[in-house]
Structure formats: structure tokens, C-alpha cells
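In: Can you look at this prediction? I've put the sequence above it.
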Amino acid sequence: MAPSVSDIVPPVTDAITDLKLAATKENKGLSYPFYYPYYDPNEKFPPTQVYEHTDPGAKADRAKPHLLTPETSVSHLSPFLGTEVSGVQISQLSEEGLNELALYAAERKVLIFRNQDFKDIGPDRQIEIAKHFGRIHRHPTSGNVKGYPEFHVVYQDAEHDMLREVIPDERINRTQWHSDVSYEKQPAGTTFFFILDQPEVGGDTLFASQVEAYNRLSPEFKKRLEGLRAVHSAFEQAESSRRRGGIVRREPILTEHPVVRRHPVTGEKALYVNQGFTRRIVGFKTEESEYLLKFLFDHIAKGADFQIRARYEPGSVVVWDNRVTAHSAIGDFNPTDRRHAVRLTPQAEVPTE
């Protein structure tokens, strides 16, 4: 049996001490100032290269004995996606358990783990666990952690309103359905998101099953989507960062992906377009592309019967499969509250139909 994380991790109490460093003027009041967003204008990344990816879920025992032990409790939020999990620590999973986690995330789309010590095990161990699921994406524009570009830091408080910067007041609401970094040649797969500080009320995340969104379409409409490809763009994200005086660590790209992709482990088909990054259908004229994409975007956004709302508590870690879901932040909390979270984003395979 592969060693447990506990066999090779320094004591958690030591890691907590390191993470809760003395507050500075900028990060005063944070529970974990080590993860305060860091921006280095001189930090540059080369173009992302394609690598060979094998999903660890393909090696998993379908019964998941190392993840779903007798001590593990699960509660499904919807028939189509979303499961709350308690009684197991991600940090203590063996290699077999991590493989089963990848499979379970693919099957249930979104897993919400409660009462986790993940935020306290230190950045090196967090990265090592996430790397089991693929090469970790380094974000071109978001805040990261000094010395750890693998982290994507989500931060908002009374003086920093990232959501309003990205989605201006001209919008009636600030939901923005997307799949993370879908513009990459190898977009995100099994993704980790852990909360450090959260508002007393609000600040949840909406998730939608792109599998069920596809399944709801008529057989004839599905036939029309076969073989179609769409362009996903990083340019708007980069330009938005530059307009705000932000940084661009890697030059933006355009990438084509199939409109419908197949998961390599479950075999399920899922829509793979999103409002955040999908710009046009290849081979369609402008009006045709806009018409089809608007229909698909509205279908995903309005599908309340294949969506869930993930609610955060202290110690929550959300693990989801970006290949078969779309999600949106919800900026419904008091603007004076702090919301501080971190994402680790392993890249998966090149999408195929």
C-alpha cells in the first residue's frame, strides 16, 4: 500500500505557525496572511506546453474503499451533481485514496469536504497533493503566493472588490458562468478550492452539470453539435488585467476545443462552452455563432434543476471536475466582509469529443 500523506508530512502545528505569519499593513486581519495575493510585475511565464496526462481516476477501485470508508459520511445535494463529504481527511489519503477521489469527483462533479485540515498542512504539501491530479496551472493574471506561483488566490474585502473590477456595474448581476482556464490547450481537470476567511452570509459558488445540460438536449440537436469546435480566448482576461493596471505573466492565446467533450474515465459527454471564455463557433458566420452560443449559455445559466449552490464553512475544501461542470462566484455578501480563498488547478488532457 502506498504511504499515507501523514507518513511524510511535518507536524501540522508547525505548518500552522508558519502560515499565520505576522500581519503587515496590507494583510492585517487575515487568518492566513501567508496566502495574501502577490503580484510581481517582473514575473513572466513561457507559453504552456502540452504534456502527456493520464487521469488518476482511471486507476481507481470503483468501490472506493480508501475514500469511502465506514467512517465517511456522504450527503448528495442533487441527483446530478454535488456531494458533501465528512469523516475523511484529504491530507491523509493514500495514493489509492487520491485516485478514488479523482474518480468520485468525475462521477459526482462537485465534492464539498467538511472539517478539513488542508489549509493548515502548508503550501508544499498542498501542491504535492494537487500534483497527483496533473501539472498545476500557473495563472497569467491573478494573485498568487510569493514563491508559489501554483496558487490562484481569490481575495475580496472593503478595499479590494475583484468581482466589481472584472464584472462592472453595467451588469444587472455579477454571475459569470465559466470553466477555469478553458482557453488553455489542456484546461483544468480535478480542481481544489479551500476557504481561509469567508463572509458570515453569502459568498457561495454556483455549479452546473455540463453533462446533464448536454443530456437535456434533444437527439436531433445533439446531432447538430457533433463535430463542432469553439474558440476559447484568454485575450479579454489579459486586457482586463492591463486596464486595471494589473499584470500579465504569459501572453494570451486562442484555442479551439470541441463543443461537446467526453470524459476520459466516465465516458460521459458534456457541453464544453462557457460564457467566460468561449467566443465563437468555428466555421459559423458571426450571427450564427452568436445565436447558438447564446442559446447554450442561457441553457446552462437557467438550468436550476441541474445546478447546486456550494456553501462554505471553516475548513471547507471543494473539489470539482472542471471538464464536466461550469461555475460562477456569487458576489452577494456585504462589501465590507472579507472573502479569502485559494485554488489549485491541475491541468488535464487535451479535450476530445
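Out: Nice, I can see it. Numbers count the residues shown, from 1 in each chain.

In: how far away is Leu296 from His160?
Out: Counting by C-beta to C-beta, to the nearest Å, the gap from Leu296 to His160 is 33 Å. C-beta: built from backbone N, CA, C; applies to glycine.

In: okay, those two: which has more neighbours?
Out: Leu296 (21 against 14; other C-beta atoms under 10 Å).

In: My guess is the more buried one contacts Val273. True?
Out: Yes. Counting by C-beta atoms under 8 Å, Val273 is a contact partner of Leu296 at 5.3 Å.

In: between these two, what contacts are shared?
Out: Counting by C-beta atoms under 8 Å, 6 or more residues apart in numbering, the common neighbours of Leu296 and Val273 are Val259.

In: what sits against the closest residue to Ile112 other than its chain neighbours?
Out: Closest residue to Ile112 apart from its sequence neighbours, by C-beta to C-beta, 6 or more residues apart in numbering: Glu84 at 4.7 Å. If you count contacts by C-beta under 8 Å, 6+ apart, Glu84 has them with Val74, Ser75, Leu77, Ile112, Phe113, Arg114.

In: Name the strands paired with the strand or helix carrying the fourth one and say parallel or antiparallel.
Out: The one in question is Ile112. In this structure, Ile112 sits in strand 110-113 according to DSSP states H and E. Sheet pairing of strand 110-113 (DSSP bridges) gives strand 83-86 (parallel), strand 317-321 (antiparallel).

In: Convert the C-alpha atoms of the helix or strand just after it to PDB, please.
Out: Next in sequence after strand 110-113, counting helices and strands by DSSP H and E, comes helix 123-131. Listed next in PDB are the C-alpha coordinates belonging to helix 123-131 (Å, rounded to 0.1, in the frame of the first residue of the first chain):
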ATOM      1  CA  PRO A 123       2.000  25.000   0.700                       C
ATOM      2  CA  ASP A 124       4.400  22.300  -0.300                       C
ATOM      3  CA  ARG A 125       2.100  19.500   0.900                       C
ATOM      4  CA  GLN A 126      -0.900  21.200  -0.700                       C
ATOM      5  CA  ILE A 127       0.900  21.400  -4.000                       C
ATOM      6  CA  GLU A 128       2.100  17.800  -3.800                       C
ATOM      7  CA  ILE A 129      -1.400  16.500  -3.200                       C
ATOM      8  CA  ALA A 130      -2.800  18.600  -6.100                       C
ATOM      9  CA  LYS A 131       0.100  17.500  -8.500                       C
END
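
In: Show me the contact partners of helix 123-131.
Out: If you take C-beta under 8 Å, 6+ apart as the criterion, helix 123-131 is touched by 5, 9, 15, 34, 90-91, 93, 98, 118, 136, 145, 148, 150-151, 192, 344-346.

In: cool, and stretch 268-278?
Out: Stretch 268-278 has contacts (C-beta under 8 Å, 6+ apart) with 176-179, 181-183, 209-211, 213-214, 230-234, 236-237, 257-263, 293, 296-297, 300-301, 323-324, 326, 351.
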